[in-house]
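Asks: Below are the sequence and a predicted model for it; my questions follow.
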Amino acid sequence: MYAPERHQQILARARAEGRVDVTALADELDVTPETVRRDLTALERHGLVRRVHGGAIPVERLGFEPGIADREGVLAGEKERIAKAALDELPDGGAVILDAGTTTVRLAELLPTDRELTVVTHALPVATVLAPRPGLTLHLVGGTVRGRTLAAVGAWALQALADIHADVAFVGTNGLSVEHGLTTPDLAEAAVKRALVTNARRTVVLADHTKLGRVDFAHVVPLSAVDTVVTDTGAEPELVEEIEAAGTRVVRA
């Protein structure tokens, strides 16, 4: 069976059952789980499914947004490499903003202890990692906490972020394209991400290859507002070239 035929069969099953499982698809289609994962990534890139831990869900399930538990195990190796590469974007000292997301949590775990840093975050998982760390000043932004991302949003969060100016903002995204910039499923989350970018001197986006070329519901900022994108080696060369041609630096980890 050729790849387009598998894609059609996988998509039909996802729409009929509401979810597909990598292991079950591999057995049914007589291919390896790695092949199924590549198929699901291709379908996700075309905006037809959303990857979740162990499988995928069709986008027709309106309002669907994977929670942290679903995202933690997805592309774990790639996120580890992205977080390590992002360390090179840290200032020698000063203030940084860490957005919500599984990759930014990994970055928080890797933050060096050999320099004085002030960290601002609206993400509870990031704050939980950094709170016990000596030699680091942590500011936790308050607001209405979204259950799916465990991030604070709303007027309180926006007001607090308006009062700061950081050296670097490390921002996550659900979609990144030359035409539409950064996008995410939730309007309130988009507003906070926009504030992170606005109130930092430099913006570094941490995005695995499945986010490149994707467009989600809520606009955050145009690509011109992003200084650097740190992604993984699975990123398609054509997409990387488009991003770099638009003036944004790309680091592949």
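Replies: Nice, thanks for sending it over.

Asks: Okay, now the unreliable bits of the chain?
Replies: Low-confidence regions of the chain, defined by pLDDT under 70, span residues 60-74.

Asks: residue boundaries of the helices in the stretch 51-200 of the chain?
Replies: In the stretch 51-200 of the chain, helices defined by DSSP state H, counting those that start in this stretch lie at 68-71, 76-86, 102-110, 124-130, 155-161, 187-198, listed in chain order.

Asks: of all those, which lies closest to R252?
Replies: helix 76-86 (8.2 Å; C-beta to C-beta). C-beta here means a position set from N, CA and C on the backbone, and glycine is covered the same way.

Asks: residues making contact with the closest one?
Replies: For helix 76-86, contacts defined as C-beta atoms under 8 Å, 6 or more residues apart in numbering pick out 102-104, 106-107, 109-110, 170, 204, 206-209, 230-232, 234, 251, 253.

Asks: And G77, how far from G234?
Replies: According to C-beta to C-beta, to the nearest Å, G77 and G234 sit 10 Å apart.

Asks: Kindly report the same for G247.
Replies: G247 sits 23 Å away from G234, taking C-beta to C-beta as the criterion.

Asks: Counting neighbours around each, name which of the two comes out higher.
Replies: When neighbours are counted by other C-beta atoms under 10 Å, G247 and G234 differ, and G234 comes out ahead with 14 against 11.

Asks: what about the residue nearest to I164 when sequence neighbours are not counted, how many residues close to it?
Replies: Residue nearest to I164 in three dimensions, not counting chain neighbours: N199, with 5.5 Å by C-beta to C-beta, 6 or more residues apart in numbering. For N199, the tally of surrounding residues (other C-beta under 10 Å) stands at 18.

Asks: all strands of the stretch 151-253 of the chain, in order?
Replies: Using DSSP state E, counting those that start in this stretch, the strands found in the stretch 151-253 of the chain span residues 151-153, 166-172, 175-177, 181-184, 200-206, 218-219, 228-231, 249-252.

Asks: Mind checking these for the one nearest to E17?
Replies: Distance to E17, taken as C-beta to C-beta, is lowest for strand 175-177 among these, at 25.4 Å.

Asks: Check which helices and strands the closest one sits against.
Replies: With contacts defined as 3 or more C-beta pairs under 8 Å, 6 or more residues apart in numbering; DSSP states H and E, the packing partners of strand 175-177 are strand 181-184.

Asks: Tell me the neighbouring strands of the strand it packs on, and mark each as parallel or antiparallel.
Replies: Using DSSP bridges, strand 181-184 pairs in its sheet with strand 175-177 (antiparallel), strand 218-219 (antiparallel).

Asks: any idea which of the ones you listed is most buried?
Replies: Per-residue neighbour counts averaged over each of the strands paired with strand 181-184 give the maximum for strand 175-177, namely a mean of 22 (mean count of other C-beta atoms under 10 Å).

Asks: now what about it, what contacts it?
Replies: Here strand 175-177 makes contact (C-beta under 8 Å, 6+ apart) with 182-184, 205, 207, 211-216, 223, 229, 243.

Asks: Now list the buried members of the residues you listed.
Replies: Buried members of the contacts of strand 175-177, scored by 16 or more other C-beta atoms under 10 Å, are 182-184, 205, 207, 211-214, 216, 223, 229, 243.

Asks: Of these, which pair is most distant in space?
Replies: Greatest spacing in the buried ones among the contacts of strand 175-177, by C-beta to C-beta: T184 and I243 (17.7 Å).

Asks: I'd like the helices of the stretch 51-200 of the chain written out as JSON lines, with mean neighbour count and distance to V141 added.
Replies: Conversion of those to JSON lines gives the following (neighbours: other C-beta atoms under 10 Å; distance: least, C-beta to C-beta, whole Å):
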{"stretch": "helix 68-71", "mean neighbour count": "17", "distance to V141": "18"}
{"stretch": "helix 76-86", "mean neighbour count": "19", "distance to V141": "20"}
{"stretch": "helix 102-110", "mean neighbour count": "22", "distance to V141": "14"}
{"stretch": "helix 124-130", "mean neighbour count": "20", "distance to V141": "9"}
{"stretch": "helix 155-161", "mean neighbour count": "18", "distance to V141": "5"}
{"stretch": "helix 187-198", "mean neighbour count": "21", "distance to V141": "8"}
